[in-house]
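Q: Any chance you can model this:
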Amino acid sequence: MTTWFDGTTQWTYLIHSEEVNINTPDNDELRLINPMMFLQDYKKDYNISSIGESTSANAKAAYDIKLTPKKKDVIENMAIQIEKNTSFPVKLVISMRNQIRITIMINELKAGNPADEIFSFPHASYPNVSLIDLR
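A: Residues are numbered from 1 along each chain as shown. Now for the predicted structure:
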């Protein structure tokens, strides 16, 4: 699936069904599309432990950190790989209590001012999809 979010509206393109679901996500839903939201209050919400060191996907030395929620949550734990030389997260594995595991790889970070339209669904690029408005 591919997701766009403009700060209010979320469009989720489901490739296999050729449909786009449109909704206004709440904070819990936003956490699933933007894992960095989990990390905003990590000191307050999670117990932090080191689980060692490893090599990132781009062959750089990295620290491995585990976050475990202090309160019972839908998340069982998160494993984060942080490159030593940049201190940027490059991999995040979220293990949910319902046995779902979400892995996010960050291959590149770019600074700049992206155009607003990249955050909205480009309907002209997907002329044959069905739009399902769930708002």
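Q: can we go C-alpha only for contacts and neighbour counts from here?
A: Fine.
Q: got any ranges where the protein has weak pLDDT?
A: Applying pLDDT under 70 to the chain picks out residues 32-33, 35.
Q: Give me the neighbour count for E29.
A: Counted by other CA atoms under 10 Å, the residues lying close to E29 total 10.
Q: Can you give me the distance of it to D45?
A: E29 sits 18 Å away from D45, going by CA to CA, to the nearest Å.
Q: Can you list the neighbours in contact with the top helix by length along the chain?
A: Counting residues, the longest helix found in the chain (DSSP state H) is helix 27-33. Here helix 27-33 makes contact (CA atoms under 8 Å, 6 or more residues apart in numbering) with T3, M37, F38.
Q: Most neighbours among those residues, please name it.
A: In terms of neighbours by other CA under 10 Å, those top out with F38 at 18 neighbours.
Q: would you say it is within a helix?
A: Yes: looking at F38 with DSSP: H, G, I helix; E, B strand; the rest coil, it is inside a helix.
Q: Quick one: residues contacting it.
A: Each residue near F38 by CA under 8 Å, 6+ apart is listed here: R31.
Q: and if you look at K91?
A: Residues near K91 by CA under 8 Å, 6+ apart: S56, I80, Q81, I82, T103, I104, M105, I106.
Q: Drop anything exposed from the residues you listed.
A: The neighbour count (16 or more other CA atoms under 10 Å) marks S56, I80, Q81, I82 as buried among the contacts of K91.
Q: Let's have those in CSV, adding secondary structure.
A: Putting the buried ones among the contacts of K91 into CSV (three-state DSSP) gives the following:
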residue, secondary structure
S56, coil
I80, strand
Q81, strand
I82, strand
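Q: how about those residues in TSV, adding distance to N98?
A: Shown next, in TSV, are the buried ones among the contacts of K91 (distance: CA to CA, whole Å):
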residue	distance to N98
S56	27
I80	20
Q81	23
I82	26
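Q: State the pair within these that is farthest apart.
A: S56 and I80 (10.9 Å; CA to CA).
Q: can you list residues touching both of those two?
A: V90, K91.
Q: how about the strands in this structure?
A: Using DSSP state E, the strands of the chain run over 2-5, 10-14, 19-23, 46-55, 61-69, 75-83, 89-96, 101-105, 130-133.
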